[in-house]
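Asker: pasting the structure only:
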């Protein structure tokens, strides 16, 4: 039996019948789609969305990169159990999504991209917005997606949709290999018909069966843990996507093992849990980093061990054994680790049975480390400079005022560091920071997707002025759809995080502060450029607040709770009032040849520090 449909109509009908199942519970995988229509898709997918026979809801994006970031926020908050595909026209509209594809793949988040493409029959070539390459006329702009996609395909005949979408779903629903999936859709093929088999449109459940660790790897890891006196657990995002928060808690408590969190793993346990030391690594807490330096074994669960987590491979001592528990074999062998390849929840439960009566040798070290760190955070929350408003004081007020189940979103600049260090989550899955790609412009747009995934919870996105300027188009989408998000905008006159990096490595501030050009020096060293972000957001229809002190912030937070539309808090904070590093080091490139004595000194220090890192 067959049904005659255009390729675009068949694509939508197929997506409408996809489900995922984990632990016996089914979840509808696609119920909506983002899109910006152009000549490469409006008469194909756009027309298909108007046809009966499918129930996919259309959301109008306003920048292709930003709508795709909203889709990432949605999928991440859904713990990868639901997606919002994104459709675009050809050329620049498609290429706008390449950055978002990188964001999704770096973070292991499923994202289905459906960029329009040039004509498969090549007869009208070159069409508007087509890039031509003399050495290969088959290349289009969409080939750019290959470097940042986990699966790429181009539908040059309508019947190719069948195998392409089966492979797309295989990748999107994979525990270990998910990320961006790009299916390029030539505009002529979108509108061509084919007699598709009816089975292609039956309800299909993709089972996310938990990969079972091997007995051999569990026994090998258990033997090494039993020999350890001071082990440490590094909690990664894989713990969250495995729904393994309770298993982690039980494991840590049974064996008295402290924990440090990555950005993706933060917030699974409350901040004041007796074994939770907070963020680890370059943007981590003093407590986690000091304990990590003395640990004789690291159990890294669901993390890819990036440089921010490992302090550029300098945080853990050379003699410390590293054990990874990860569904991805690529991640599992990093840093010469003893690998357990399997699901985080099953792995922790199985490993716990093998360890039996094991206990770590910690006495009061964990308590003392937590007490010291709590006092540091309390001081940061109450930091009141002689004038102006500090960023950490603002964060403290927000953290203590908003609802306990409110979700905080972030991605780039100084705020992810501040959040990983000092934000105190008490409810699971309320900490949502994209830091695998640290993509500027994710914050506002990702928050829209988070709110769509968690409509009953308040969502507060933390962004700097620099990141807001880079991308906030889906604020308009939020207003258009009546979806309330709260934008906490910390205005410190520039890219303060990178200015600090410059200054900390011996360089003077250059190109990182938003200043007018000085006529005498011809440099960007004049007065600050004043920007009224509240007026900008108000013009789009948001409720806005201008904030210069804590009283105004408190009043704004309370008033915003009564609002039903998007809110923006334009908070003027003092530059350089964010947190600093605590017992961590990050390797960055420092000039080997320089006329600046301070830079030369920092280069020498960097070379010495590199000698202390683990080599892999």
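Answerer: Ah, there it is. All of these numbers come straight from a predicted model, not from anything done at the bench. Numbering: from 1, shown residues only.

Asker: pretty sure residue 284 contacts residue 582?
Answerer: Yes - using CB atoms under 8 Å as the test, residue 284 is close enough to residue 582 to be in contact (6.8 Å). Bear in mind the C-beta positions are built from the backbone N, C-alpha and C, glycine included.

Asker: Now do the shared contacts for these two.
Answerer: Residues touching both residue 284 and residue 582 (CB atoms under 8 Å, 6 or more residues apart in numbering) are residue 421.

Asker: Please say which of the two ends up with more neighbours.
Answerer: residue 284 (30 against 19; other CB atoms under 10 Å).

Asker: Now that one: phi and psi?
Answerer: phi -100, psi -180 (degrees, to the nearest 10).

Asker: Could you check how far it is from residue 332?
Answerer: As judged by CB to CB, to the nearest Å, residue 284 and residue 332 stand 22 Å apart.

Asker: can you check residue 511 too?
Answerer: Noted for residue 511: a distance of 40 Å to residue 332, by CB to CB.

Asker: who has more neighbours, these two?
Answerer: Legend: neighbour count by other CB under 10 Å for residue 511 and residue 332, higher for residue 332 (22 against 12).

Asker: Map the structural domains onto the sequence of the protein.
Answerer: 2-207, 215-359, 382-493+529-572 (automatic domain parsing).

Asker: Mean pLDDT per element in the chain, and the minimum belongs to which helix or strand?
Answerer: Every helix and strand in the chain was compared by mean pLDDT, DSSP states H and E; the lowest is helix 496-504, with a mean of 83.

Asker: Just the mean pLDDT for the next helix or strand after it, thanks.
Answerer: Using DSSP states H and E, the helix or strand that follows helix 496-504 towards the C-terminus is helix 533-540. The average pLDDT within helix 533-540 is 96.

Asker: what comes into contact with helix 533-540?
Answerer: Contacts to helix 533-540, defined as CB under 8 Å, 6+ apart, come from residues 465, 468, 475-476, 479, 487, 489, 491, 544-546, 566, 568, 570.

Asker: Out of those, which comes closest to residue 265?
Answerer: residue 487 (25.1 Å; CB to CB).

Asker: Now name the helix or strand holding that closest one.
Answerer: Going by DSSP H and E, residue 487 is part of strand 486-491.

Asker: Each with direction, which strands does that strand pair with?
Answerer: Sheet pairing of strand 486-491 (DSSP bridges) gives strand 459-464 (parallel), strand 567-572 (parallel).

Asker: Surely residue 133 is in contact with residue 141, unless I've mixed up the numbering?
Answerer: No - counting by CB under 8 Å, residue 133 stays clear of residue 141, with 10.1 Å between them.

Asker: ok, and what's touching stretch 461-471?
Answerer: Contacts of stretch 461-471 (CB under 8 Å, 6+ apart): 63, 65-66, 69, 395, 408-415, 419, 440-447, 450, 485-497, 514, 531, 533.

Asker: Just name whatever secondary elements the least confident helix or strand of the chain is in contact with.
Answerer: Counting contacts by 3 or more CB pairs under 8 Å, 6 or more residues apart in numbering; DSSP states H and E, helix 496-504 packs against helix 414-422.

Asker: Looking at the helix it packs on now, give me its mean pLDDT.
Answerer: The pLDDT scores in helix 414-422 average 95.

Asker: how big is the angle separating that helix from strand 486-491?
Answerer: Relative orientation of helix 414-422 versus strand 486-491 (axes from the mean of the first three to the mean of the last three CA atoms, to 10 degrees): 110 degrees.

Asker: Which other helices and strands does helix 414-422 contact?
Answerer: Counting by 3+ CB pairs under 8 Å, 6+ apart, helix 414-422 packs on strand 276-279, helix 365-381, helix 391-401, strand 407-410, strand 431-433, strand 459-464, helix 496-504.

Asker: so how far is it from its chain's centroid?
Answerer: Averaging C-alpha positions (CA atoms, centre = their mean, to the nearest Å) puts helix 414-422 14 Å from its chain's average.

Asker: Provide the contact partners of that helix at residue level.
Answerer: Contacts to helix 414-422, defined as CB under 8 Å, 6+ apart, come from residues 261, 263, 266, 278-279, 282-285, 377, 380-381, 391-392, 395-396, 399, 408, 410, 431, 433, 435, 438, 462-464, 490, 496-497, 500, 578-579, 582.

Asker: mind redoing it with 6 Å?
Answerer: 263, 279, 283, 285, 377, 380, 395, 410, 433, 435, 462, 496-497, 578-579 (CB atoms under 6 Å, 6 or more residues apart in numbering).

Asker: list the buried ones in it?
Answerer: By neighbour count on 16 or more other CB atoms under 10 Å, the buried set for helix 414-422 is 414-422.

Asker: next one: the least confident helix or strand of the chain to chain centre, how far?
Answerer: Per CA atoms, centre = their mean, the centroid offset for helix 496-504 relative to its chain is 22 Å.

Asker: Okay, angle between it and strand 459-464 too, please.
Answerer: Taking the same axes, to 10 degrees, helix 496-504 and strand 459-464 form an angle of 40 degrees between their directions.

Asker: What are the buried residues along helix 496-504?
Answerer: So helix 496-504, judged by 16+ other CB under 10 Å, has buried residues 496-500, 502.

Asker: Return the member of the residues you listed nearest to residue 234.
Answerer: residue 497 (23.4 Å).

Asker: Compute the distance between the residue lying closest to that closest one once chain neighbours are set aside and residue 421, please.
Answerer: Ranked by CB to CB, 6 or more residues apart in numbering and with sequence neighbours excluded, the top spatial neighbour of residue 497 is residue 414, at 4.0 Å. Per CB to CB, residue 414 is found 11 Å from residue 421.

Asker: do residue 308 as well
Answerer: 12 Å.

Asker: for residue 381, same thing?
Answerer: Distance from residue 381 to residue 421, by CB to CB: 11 Å.

Asker: ditto for residue 237
Answerer: Distance of residue 237 to residue 421, given as CB to CB: 18 Å.

Asker: Helices of the stretch 1-150 of the chain, residue ranges please.
Answerer: 7-15, 45-50, 64-77, 92-95, 98-107 (DSSP state H, counting those that start in this stretch).

Asker: For residue 602, find the nearest of those helices.
Answerer: helix 98-107 (28.2 Å).

Asker: Return the set of buried residues in the closest one.
Answerer: For helix 98-107, by 16+ other CB under 10 Å, it's 98-107.

Asker: low-confidence ranges in the chain?
Answerer: Within the chain, not a single segment meets pLDDT under 70.

Asker: list the contacts for residue 259?
Answerer: 233, 235, 252, 275-276.

Asker: Tell me the bridge partners for residue 487.
Answerer: residue 461, residue 568.
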